[in-house]
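Asker: sequence and predicted model, in that order:
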2 protein chains.
Amino acid sequence: MSSETKTVLTLKRFKVACGDCSLNTLCLPLGMAADDLGRLDAIIERKRPLARTENLYHCGEQFDAIYAVRSGSLKTYATSEHGEEQILGFHLPGELVGLDAIADGLHPLSAQALETTSVCEIPFDKLESLSAQLPSLQHQLLRLMSLEIHDDQKTMTALAQKSAEERLAAFLISLSTRLQQRGFSPNRFNLSMSRGDIANYLGLALETVSRVFTRMQNDGLLRVERKAVELLDQDRLYAYAGTPCPSASPQSSRHSS
Amino acid sequence: MSSETKTVLTLKRFKVACGDCSLNTLCLPLGMAADDLGRLDAIIERKRPLARTENLYHCGEQFDAIYAVRSGSLKTYATSEHGEEQILGFHLPGELVGLDAIADGLHPLSAQALETTSVCEIPFDKLESLSAQLPSLQHQLLRLMSLEIHDDQKTMTALAQKSAEERLAAFLISLSTRLQQRGFSPNRFNLSMSRGDIANYLGLALETVSRVFTRMQNDGLLRVERKAVELLDQDRLYAYAGTPCPSASPQSSRHSS
DNA sequence: CCGCCATATTGACGCAGGTCAAGATCGCGG
DNA sequence: CCGCGATCTTGACCTGCGTCAATATGGCGG
């Protein structure tokens, strides 16, 4: 193989078009016609992969693009004036990061790779003008922002009223579900974040997360060894989390006061 | 006065055009040209006011419009399968509700009036097509959704790592700031929600909220009597909340890992 | 104007989970 | 292959806040 071929291969790896990307049913392209996809492709820049602990952007920096995770994973976090970190989200392939910065043009959070991670950079001004022309793109952008609001509301609910067990169970379910949507096994996966990260995100102490993991393991709910998790009893895990199983029938509507 | 005149007046009260609405620098119209405003006006329906405890919509209902609060206030809340309520937001005039329902076309939350409240109904399909034509409308819609994400992140941070005192202080600051933006006094206002609602929202027990209020009052931070609150020491309240005072100088950026 | 019910306050007590501390285990660089 | 630092686990102890319970207060309907 000549070095030229290698270069081409490398470029190819960076330059998967949206139409060929396996994530296009989760990501921005969802619902777009093939020829419109080309116009979206044209404004997207594929960046070199980030190494673990490398930051995609820092809190306070100017916002001019949103990012779609292509592979790997990221955490987004705020830093208080006392230097403590608060993790606000973990982001898997096909998910967008940076949406929180549209409001005032500065990133309120930092984003850091949890493992080798590559992203697509989508300049926001171009995205805005393109989505004015492509209704399905505009719709999907609004949908994804709405989804983020919805997910944050679920996290808030967990933080406000769930016990340590319930929070961790809900967290694992969320990961499992999202991994499954991305074609991975829903019951065997690796945690790309540390215990400390999980604890921080869930508003718990690191030690509590560790203890709850062992407790769940002793209960036969799952097996966990370091980063590797295997969920052994989905149903019981759902019950644990206090979340209705997605297969459950929808409850009838409630009436006021 | 004839009854005809009264009718006209009543209609007038319902039908303030966006251009004449005092909230148009906070709400969707921000940044729009005067003649574009008319097109927005045309798709908005002003609804009859809601009475206290009346619901604007219920969780599970179909989504077809977002709402802007015109006067009064709302809470949005989820209901768990065991019937417990989790409040996820309080909404003041100029704020939008229902944005979380765009993602899958059903309302994930219910919205209930905390006092006599009137809203503008904005059919979502019409809003979408109009914002494809009016860049400033599209921009403001994205901005407001981004702002909601940002605000939810702040709430998550409070829930994950703040003490009861800090949460309540942060809550009061948030209310105070938002009321000030709307032309009300930032240090004398009425709480339209009950202690129970505040506690629920902040992930605390009702009794804790009550105790923290009295403690803060004894510390000279504020005066509170039933619904009426007077903030006596903004600076100390900010210090309490662990939130940097808005007048504070921005901290330098952080470096990774 | 009175009585009742919703709402709020205050106190006593217990526990989930935080903190501190001591190992254990892993993985990486030399 | 070894040693050291990062990460994780486990234990012991303590505290902030939840829970339960009693009392106060206000507002509204009759």
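Answerer: All right, it came through fine. Residues are numbered from 1 along each chain as shown, chains lettered A, B, ... in the order given.
Asker: residues touching residue A:179, list them.
Answerer: By C-beta atoms under 8 Å, 6 or more residues apart in numbering or on different chains, the residues touching residue A:179 are A:92, A:185-186, A:189. Bear in mind the C-beta positions are built from the backbone N, C-alpha and C, glycine included.
Asker: weed out the non-buried ones from the residues you listed.
Answerer: A:92, A:189 (16 or more other C-beta atoms under 10 Å in any protein chain shown).
Asker: the closest residue in space to residue A:135 that isn't next to it in sequence and residue B:104, how far apart?
Answerer: Leaving aside its chain neighbours, residue A:135 sits nearest to residue B:132 (6.1 Å; criterion: C-beta to C-beta, 6 or more residues apart in numbering or on different chains). According to C-beta to C-beta, to the nearest Å, residue B:132 and residue B:104 sit 21 Å apart.
Asker: more crowded one of the two?
Answerer: Legend: neighbour count by other C-beta atoms under 10 Å in any protein chain shown for residue B:132 and residue B:104, higher for residue B:132 (18 against 13).
Asker: got the angle between the helix or strand that contains that one and helix A:124-133?
Answerer: Per DSSP states H and E, residue B:132 falls inside helix B:124-133. Orientation of helix B:124-133 against helix A:124-133 (axes from the mean of the first three to the mean of the last three C-alpha atoms, to 10 degrees) gives an angle of 120 degrees.
Asker: how far is the helix or strand following helix B:124-133 from where the chain is centred?
Answerer: The C-terminal neighbour of helix B:124-133 among helices and strands, as given by DSSP H and E, is helix B:135-161. Offset of helix B:135-161 from its chain centre (C-alpha atoms, centre = their mean, to the nearest Å): 12 Å.
Asker: helix B:135-161 near DNA strand D anywhere?
Answerer: No. Judged by C-beta under 7 Å from any atom of the strand, helix B:135-161 stays clear of DNA strand D, getting no closer than 10.2 Å.
Asker: check which residues of that helix are buried.
Answerer: By neighbour count with 16+ other C-beta under 10 Å, helix B:135-161 contains the buried residues B:137-161.
Asker: ok, how many other residues are close to residue A:168?
Answerer: By the measure other C-beta under 10 Å, the count of residues near residue A:168 is 26.
Asker: then residue A:78?
Answerer: Neighbour count for residue A:78, taken as other C-beta under 10 Å: 18.
Asker: swap in residue A:19?
Answerer: Neighbourhood size, residue A:19 [other C-beta under 10 Å]: 14.
Asker: how about the contacts made by residue A:160?
Answerer: B:86, B:159, B:200-203.
Asker: wait, what's in contact with the residue nearest in space to the middle of chain A?
Answerer: Computing the C-alpha centroid of chain A and ranking residues by C-alpha atoms, centre = their mean puts residue A:91 first, at 2.2 Å. By C-beta under 8 Å, 6+ apart, the residues touching residue A:91 are A:69, A:73-76, A:97, A:111.
Asker: excluding chain neighbours, what is closest to residue A:224?
Answerer: Leaving aside its sequence neighbours, residue A:224 sits nearest to residue A:213 (C-beta to C-beta, 6+ apart; 5.1 Å).
Asker: can you give me the strands in chain A?
Answerer: A:45-46, A:55-57, A:65-71, A:74-79, A:85-91, A:96-97, A:110-113, A:118-123, A:188-190, A:222-225, A:228-231 (DSSP state E).
Asker: of those strands, flag the one that's most buried.
Answerer: Among those, strand A:110-113 has the highest mean neighbour count (mean count of other C-beta atoms under 10 Å in any protein chain shown), at a mean of 24.
Asker: that one close to chain B?
Answerer: Yes. On the criterion C-beta under 8 Å from any C-beta of the partner chain, strand A:110-113 is in touch with chain B at A:110, A:112.
Asker: what does that strand contact?
Answerer: A:50-59, A:67, A:72-79, A:91, A:97-98, B:254, B:256-257.
Asker: now the closest residue to residue A:191 other than its chain neighbours: how far from chain B?
Answerer: Using C-beta to C-beta, 6+ apart and skipping residues adjacent in sequence, the residue nearest residue A:191 is residue A:227, 4.8 Å away. As judged by C-beta to the nearest C-beta, to the nearest Å, residue A:227 and chain B stand 18 Å apart.
Asker: confidence score at residue A:227?
Answerer: On pLDDT, residue A:227 comes in at 92.
Asker: one more: residue A:128?
Answerer: Value listed for residue A:128 in the pLDDT field: 97.
Asker: how close does it get to DNA strand C?
Answerer: Residue A:128 sits 41 Å away from DNA strand C, going by C-beta to the nearest atom of the strand, to the nearest Å.
Asker: same question, residue A:160
Answerer: Counting by C-beta to the nearest atom of the strand - residue A:160 and DNA strand C are separated by 12 Å.
Asker: how about residue A:130?
Answerer: 41 Å.
Asker: hmm, that residue is touching residue A:40, no?
Answerer: Yes. Counting by C-beta atoms under 8 Å, residue A:130 touches residue A:40, with 6.6 Å between them.
Asker: overlap in contacts of the two?
Answerer: Common neighbours of residue A:130 and residue A:40 (criterion: C-beta under 8 Å, 6+ apart): residue A:137.
Asker: who has more neighbours out of the two?
Answerer: Neighbours per residue, other C-beta under 10 Å: of residue A:130 and residue A:40, the larger number sits with residue A:40, 23 against 19.
Asker: can I see the domain layout of chain A?
Answerer: A:3-157, A:162-256 (automatic domain parsing).
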